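> okay, here's the prediction I keep looking at, along with the sequence it came from:
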Amino acid sequence: MNENLALPVGTTLDRFIKQKQVDFPFATGELSQLLRDIALAGKIINREINRAGLIDLTTSLGTQNVQGECQQKLDVVANIRFVRALKNGGEVCAVISEEDDEMIDTGNHHGRYVVAMDPLDGSSNIDANVSIGTIFSIYRRVTPVGTPPGLEDVMQPGTRQVAAGYVLYGSSTMLVYTTGHGVNGFTYEHSLGEFFLSHPNMRIPQTGTVYSVNEGYFHDFEPDVRELVESYRVRRMTARYIGSLVGDFHRNLVKGGIYLYPPTRKDINGKLRLLYECYPLAFVVEQAGGLATDGHRRILDIAPQALHQRTPLYIGSRELVEEIRLEEKIGQGKANGEKARTEKVLA
């Protein structure tokens, strides 16, 4: 009998989650079910995206979210789908979303977890058929189980995340997540309707030759950041910028590189959301061997002050982030003169 005629299809997400439950002695299956709920919502959004052009979901809704950003129709659809999946799953007592002004009380007051999410990152690229994604972060609640959730449940520092990840909707649909025990990636197999383990124990290369930044804002960056970007050009690093955070991050996670969204004259505190985007991706990249900083501090050490708090972000391969992560390096040019700083960066 030729075994090659029926090769194994691989490990499904559901089976993998069950195998990893032993990593959580405090859990009794709720976290595993929650991850399945997120995967289910991801499958639904994948379906909506694949048929978006046929049912007119690629255009703007004509409204703005709490961030002041134009909402796409799929932004709203994705938000509804994920919130509904988390409510119906029963494990989540509260949800915060980039698309909602306030915390959502799911009514599941016996739920032990809260979720922060960007339901559809990069949605402005939908009509151009560019990779977009969902970013999520999971915490254990701090208020007593059985009571209504409070802001203290959703305003926890990134170091308290118990799981985080993203779903990438691109040439293939992938779910990548960590529970603090490494990073694993799963690819969606449409004909079977299952996520299969395709990228076990993902590790970001220690360095890379790619930098991702919107150079259209180059002259709005601080002098030290312009200097840094110029040093990448001198080193002949490759510029790759999709404009979809999940897409840019995933490429660099796989191939090595650094993603930068520094402060600008318009957004002096940065533009990316701390709770919905930066915390979860920082958790993922650290578990994969990389780093994430705001230029002065580790992202996961930043104390949250507001639901929609923004921050600069420098994230990716360890060696590239270390060049700019220490405060004495950022601004060393101001102390020693621009020439001395340039010589240090280009050395």
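That came through, no problem. In this text the structure is predicted, and so the values were computed from the model without any measurement.
> all helices for the stretch 201-347 of the chain, in order.
223-234, 245-255, 279-287, 318-325, 332-336, 338-346 (DSSP state H, counting those that start in this stretch).
> closest to residue 178 out of the ones you listed?
Proximity to residue 178 (CB to CB) singles out helix 279-287 among the helices of the stretch 201-347 of the chain, at 4.2 Å. In this view, the C-beta of every residue, glycine as well, is placed from N, C-alpha and C.
> coming back round to it: so which of the helices of the stretch 201-347 of the chain is the most surrounded?
A comparison of those by mean neighbour count, using mean count of other CB atoms under 10 Å, puts helix 279-287 on top with a mean of 26.
> packing partners for that helix?
The contact analysis (3 or more CB pairs under 8 Å, 6 or more residues apart in numbering; DSSP states H and E) places helix 279-287 against strand 132-140, strand 161-169, strand 173-178, helix 245-255, strand 291-293, strand 313-316.
> ok, which of those comes nearest residue 269?
Going by CB to CB, the one of the helices and strands packed on helix 279-287 nearest residue 269 is strand 313-316, 11.5 Å.
> quick one: strands adjacent to that closest one?
Using DSSP bridges, the strands paired with strand 313-316 in its sheet are strand 258-261 (antiparallel), strand 291-293 (antiparallel).
> let me see the residues that make contact with it.
Identification of contacts with strand 313-316 by CB atoms under 8 Å, 6 or more residues apart in numbering yields 204, 208, 249, 252-253, 256-262, 270, 272, 277-278, 281-282, 285, 290-295, 299, 321, 324-325.
> mind running it again at 6 Å?
Contacts with strand 313-316, where a contact means CB atoms under 6 Å, 6 or more residues apart in numbering, come from 252, 257-261, 272, 278, 285, 290, 292-293, 321, 324.
> out of the residues you listed, which comes closest to residue 179?
Sorting the contacts of strand 313-316 by how near they are to residue 179, with CB to CB, puts residue 285 at the top with 14.9 Å.
> what's the nearest residue to residue 221 if we skip its chain neighbours?
In space, and not counting its chain neighbours, residue 221 is closest to residue 262: 5.4 Å by CB to CB, 6 or more residues apart in numbering.
> that neighbour: neighbour count?
24 (other CB atoms under 10 Å).
> ok, it - contacts?
With contacts taken as CB under 6 Å, 6+ apart, residue 262 has the following neighbours: 221, 225, 312.
> quick one: buried residues of the longest helix along the chain?
In the chain, taking DSSP state H as the definition, the longest helix is helix 30-50. By 16 or more other CB atoms under 10 Å, the buried positions in helix 30-50 come out as 30-39, 41-43, 45-46, 48-49.
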